[in-house]
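J.: model this:
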Amino acid sequence: MNYRIVYRIGLLVALIALAVLGFAWSGFYNIGADVPHSPFTYRFLTMVREHSVQRHAKSIGVPNLQDPSLILKGAGQYAAMCTGCHLAPGMHDSEIRAGLYPQPPDLSQTRVDPREAFWTIKHGIKMSAMPAWGATHDDMTIWSMVAFLQKLPSMTPAQYKDIVAKAPPDEDMDMGDGMQKK
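T.: Got it, this is the predicted structure:
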């Protein structure tokens, strides 16, 4: 390969990197959640998120998600932690969801891959308002949410209210005084 070609390619790459850094440093790009990304940026970030979750989740072993006690526990977890962003049967929006960008999926209407759901719940998604619940919840609690998510899209609002009412109390939730019950 010719030295001049390598030099020019290296110079071009350096100039592009400097231009991108200069753009980022300028503050020109509006990162406000109330202003959508450009179509290119949105597609690029969506691609990065989807491929990252698929890659990191593909080797996760899935337990028996048909266990009724696991599903019941997941119903309580979902009602306590997820409905504000991901909704429930019969919900059309929430105060917090209206201001989120990108909009989180309506999990009462969407089927999710169990491995990808587990990985996402456990590790969260950077800059999306999706927290990493693995910092405060053990794997079986997260699997209970995943088990419940497998049933959620086929539930009516009445079925959802019924299963949530039967769900066991969350023993890891804040007791209102800043202390967590263990």
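
J.: element containing residue 43, please.
T.: For residue 43, the host element (DSSP states H and E) is helix 39-57.

J.: swap that for residue 31, please
T.: Here residue 31 is assigned to no helix or strand, by DSSP H and E.

J.: let me see the contact set for it.
T.: With contact set as Cβ atoms under 8 Å, 6 or more residues apart in numbering, residue 31 has no partners. Every residue, glycine included, has its C-beta placed from N, CA and C.

J.: check the gap between it and residue 101 for me.
T.: Counting by Cβ to Cβ, to the nearest Å, the separation of residue 31 from residue 101 is 10 Å.

J.: now do the shared contacts for these two.
T.: Counting by Cβ under 8 Å, 6+ apart, nothing touches both residue 31 and residue 101.

J.: which residues does the residue most central in space within the chain form beta bridges with?
T.: By Cα atoms, centre = their mean, the mean C-alpha position of the chain lies nearest to residue 130, the distance being 4.5 Å. Applying DSSP bridges to residue 130 gives these bridge partners: residue 125.

J.: re earlier: show me which positions of the helix holding residue 43 end up buried.
T.: 49, 53, 57 (16 or more other Cβ atoms under 10 Å).

J.: isn't the second one right up against residue 117?
T.: The one in question is residue 53. No - under the criterion of Cβ atoms under 8 Å, residue 53 is not in contact with residue 117, lying 9.3 Å apart.

J.: distance of residue 2 relative to residue 8?
T.: Counting by Cβ to Cβ, the gap from residue 2 to residue 8 is 9 Å.

J.: who's more crowded, those two?
T.: Between residue 2 and residue 8, counting by other Cβ atoms under 10 Å, residue 8 is the more crowded of the two (11 against 7).

J.: hang on, the more buried one in a helix?
T.: Yes - under DSSP: H, G, I helix; E, B strand; the rest coil, residue 8 falls within a helix.
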